[in-house]
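Trainee: The amino acid sequence is not available; the structure is as follows:
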Ligand SMILES: Nc1nc2c(ncn2[C@@H]2O[C@H](COP(=O)(O)OP(=O)(O)O)[C@@H](O)[C@H]2O)c(=O)[nH]1
Ligand SMILES: [Mg+2]
Ligand SMILES: [Zn+2]
């Protein structure tokens with residue numbers, strides 16, 4: 001009897017699950033098939049391009065015990081139990097990763113989606129102005145969630161750099177050498193989104209694309225794209241990858257798009273899909289709080305890739321991150337930090353034996369230092385925020 005399928009949950013609605021049936025699963029009627037994540041990927045690779053159908057399913061009670069139990073993106077076994085009972089989720093497979101947040105007061109983990117490959121961090125190189133702090137924050141999430149970051153520099157059709165903003169690292173060094181990283185902005189409003197506005201506007205009158213690009217190059221498995229979501233024929237001026245490469249890099253992947261309101265996420269998704277997508281909840285930010293009706297999360301097919309559309313994951317706040325883990329979400333800095341003499345090093349120029357000290361001292365490395373210290377600055381800012389949560393609340 002061939003009534004079991006490998007399926008993926010694409011929407012959850014209370015205790016109902018919309019499942020995309022991916023391929024039939026054989027096996028005897030008692031034993032449910034065991035599959036590792038890699039085996040699932042293998043199976044799907046073989047059955048690619050086959051027509052899939054979507055069914056509504058309920059789930060076995062033991063799969064519903066806590067909120068982390070079933071999420072969009074999960075691979076499951078679905079069984080057809082006939083016209084009365086309908087489809088039922090019988091088994092959940094191991095996850096590659098999770099998009100999640102830690103609810104500190106409730107001391108639990110809230111999983112929004114599973115098995116998502118790419119975090120597309122969209123930024124604007126015109127209006128609204130580029131916010132380095134937002135990119136750094138979202139990079140922390142990418143590494144925490146085990147997703148590959150794609151940093152997209154959008155609105156490049158409107159990018160008009162001044163003469164100084166030309167990847168001249170020495171000019172950025174001036175900006176950072178006066179920075180006292182020891183004082184992690186205690187007097188500043190550090191409530192997530194707001195802190196960006198105050199400090200970075202004056203620091204970055206003119207965004208320097210090449211500087212922003214170079215400071216990301218120390219992270220392996222990070223990809224950058226120069227695009228105009230408005231103009232598919234925009235010709236690359238600075239980087240080697242554009243819209244065509246982004247499209248190719250998204251093929252077959254599951255992606256979440258993040259970035260401030262107005263940077264062009266919706267427009268970019270529409271462009272990538274060839275105009276064939278109806279985004280129901282992507283624009284909640286425009287409608288205003290409470291006004292939107294779409295509170296569910298879903299995964300929708302957008303051209304060649306799957307898009308995670310969830311109203312719950314766009315907040316830039318990172319205060320649920322354990323300060324002790326934070327350095328590991330800055331892989332470029334974590335490598336330097338292995339040089340630090342003390343394991344609880346605060347990573348700044350005043351600490352003897354800190355691996356970052358040479359970057360503050362040695363003038364010969366000052367271009368390199370501008371890049372690294374600008375990342376260390378992001379680390380210190382975020383650390384300042386997360387450290388304000390009392391230690392007892394952190395059980396993770
Ligand atoms: N010039 C220009 N405008 C863009 C580009 N991408 C988006 N926009 C415009 O920027 C505004 C905000 O875009 P939208 O996709 O709604 O941003 P979202 O809030 O991130 O989803 C819209 O008016 C878009 O038409 C671009 O590459 N170039
Ligand atoms: Mg939008
Ligand atoms: Zn250190």
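Mentor: Alright, I've got the coordinates. In this text, all values refer to a predicted model and were calculated from it rather than measured experimentally. Residues are numbered from 1 along each chain as shown. Ligands and ions are numbered 1, 2, ... in the order given.

Trainee: For the closest residue to ligand 2 within the stretch 251-396 of the chain, give me phi and psi.
Mentor: Closest contact between the stretch 251-396 of the chain and ligand 2, by C-beta to the ion, is at residue 266 (3.3 Å). Using the backbone N, CA and C atoms, a C-beta is placed for each residue, glycine as well. Main-chain dihedrals, residue 266, degrees, to the nearest 10: phi -60, psi -40.

Trainee: Quickly list the domain ranges of the protein.
Mentor: If you go by automatic domain parsing, the domain ranges for the chain are 4-95, 113-168+190-313.

Trainee: and the ones you listed, which is most packed in?
Mentor: Sort the domains of the chain by mean neighbour count, taking mean count of other C-beta atoms under 10 Å, and domain 113-168+190-313 sits at the top with a mean of 18.

Trainee: Please state the offset of that domain from the chain centre?
Mentor: When distances are taken as C-alpha atoms, centre = their mean, to the nearest Å, domain 113-168+190-313 is centred 10 Å away from the chain's centroid.

Trainee: and what of stretch 81-101?
Mentor: On C-alpha atoms, centre = their mean, the centre of stretch 81-101 falls 24 Å from the chain's centre.

Trainee: Report the central residue of the chain.
Mentor: With distances taken as C-alpha atoms, centre = their mean, the chain has residue 119 as the residue nearest its mean C-alpha position (3.5 Å).

Trainee: Is the host helix or strand of it in proximity to ligand 2?
Mentor: In the assignment (DSSP states H and E), residue 119 maps to strand 118-124. No: using C-beta under 5 Å from the ion, strand 118-124 stays clear of ligand 2, coming no nearer than 9.6 Å.

Trainee: rewinding a little: could you dump the domains of the chain to TSV with distance to residue 359 and mean pLDDT?
Mentor: TSV is the format used below for the domains of the chain (distance: least, C-beta to C-beta, whole Å; pLDDT from 0 to 100):
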stretch	distance to residue 359	mean pLDDT
domain 4-95	38	88
domain 113-168+190-313	12	83
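
Trainee: For ligand 1, find the nearest of the ones you listed.
Mentor: Among those, the nearest to ligand 1 by C-beta to the nearest ligand atom is domain 113-168+190-313 (2.9 Å).

Trainee: returning to what we had before: so for residue 361, which of the domains of the chain sits nearest?
Mentor: domain 113-168+190-313 (19.8 Å; C-beta to C-beta).

Trainee: end to end, how far does the closest one reach?
Mentor: 10 Å (C-alpha to C-alpha, to the nearest Å).

Trainee: Stretch 113-132 now?
Mentor: 26 Å.

Trainee: again with stretch 248-263
Mentor: End-to-end distance of stretch 248-263 (C-alpha to C-alpha): 21 Å.

Trainee: touching ligand 2 at all, it?
Mentor: No: Stretch 248-263 lies out of reach of ligand 2 by C-beta under 5 Å from the ion, never closer than 7.0 Å.

Trainee: by contact count, what packs against the lengthiest helix in the chain?
Mentor: The longest helix of the chain (DSSP state H) is helix 366-386. On a contact count with 3 or more C-beta pairs under 8 Å, 6 or more residues apart in numbering; DSSP states H and E, helix 366-386 meets helix 132-145, helix 169-177, helix 209-214, helix 331-337, helix 357-361.

Trainee: Residue 155: which of those is closest?
Mentor: helix 209-214 (11.2 Å).

Trainee: after the closest one, next one along is what?
Mentor: Using DSSP H and E, the helix or strand that follows helix 209-214 in sequence is strand 223-226.

Trainee: can you list contacts of the helix or strand following that next one?
Mentor: For strand 223-226, the following helix or strand on the C-terminal side (DSSP H and E) is helix 243-250. For helix 243-250, contacts defined as C-beta atoms under 8 Å, 6 or more residues apart in numbering pick out 118, 120, 150, 152, 223, 225, 227-228, 232, 234, 241, 271-272, 303-305.

Trainee: from these, which single one is nearest residue 324?
Mentor: For the contacts of helix 243-250, the minimum distance to residue 324 (C-beta to C-beta) is 27.1 Å, reached by residue 118.

Trainee: Provide the partner residues of the closest one in its beta bridges.
Mentor: residue 148, residue 255 (DSSP bridges).

Trainee: any idea how far it lies from residue 220?
Mentor: Residue 118 sits 15 Å away from residue 220, going by C-beta to C-beta, to the nearest Å.

Trainee: Please apply the same query to residue 54.
Mentor: Per C-beta to C-beta, residue 54 is found 37 Å from residue 220.

Trainee: quick one on the thing from earlier: which one of the domains of the chain lies closest to residue 105?
Mentor: domain 4-95 (14.6 Å).

Trainee: can you give me the end-to-end distance of that closest one?
Mentor: Start-to-end span of domain 4-95 (C-alpha to C-alpha) is 20 Å.

Trainee: now the helices and strands packed on helix 366-386 in a markdown table, with distance to ligand 2?
Mentor: What follows is the helices and strands packed on helix 366-386, written out as a markdown table (distance: least, C-beta to the ion, whole Å):
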| stretch | distance to ligand 2 |
| --- | --- |
| helix 132-145 | 15 |
| helix 169-177 | 31 |
| helix 209-214 | 22 |
| helix 331-337 | 29 |
| helix 357-361 | 38 |
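
Trainee: and the longest helix of the chain with ligand 3, contact?
Mentor: No: if you take C-beta under 5 Å from the ion as the test, helix 366-386 misses ligand 3, and the best it gets is 9.2 Å.

Trainee: Could you check the angle that helix makes with helix 132-145?
Mentor: Relative orientation of helix 366-386 and helix 132-145, computed by axes from the mean of the first three to the mean of the last three C-alpha atoms, to 10 degrees: 70 degrees.

Trainee: Residue 331: how many residues sit nearby?
Mentor: For residue 331, the count of nearby residues is 15 (other C-beta atoms under 10 Å).

Trainee: Quick check: it touching residue 216?
Mentor: No: counting by C-beta atoms under 8 Å, residue 331 does not reach residue 216; the two are 11.1 Å apart.

Trainee: For the strand holding residue 119, enumerate the helices and strands it packs against.
Mentor: helix 132-145, strand 148-154, helix 243-250, strand 254-258.

Trainee: Right, I'll call it a day here.
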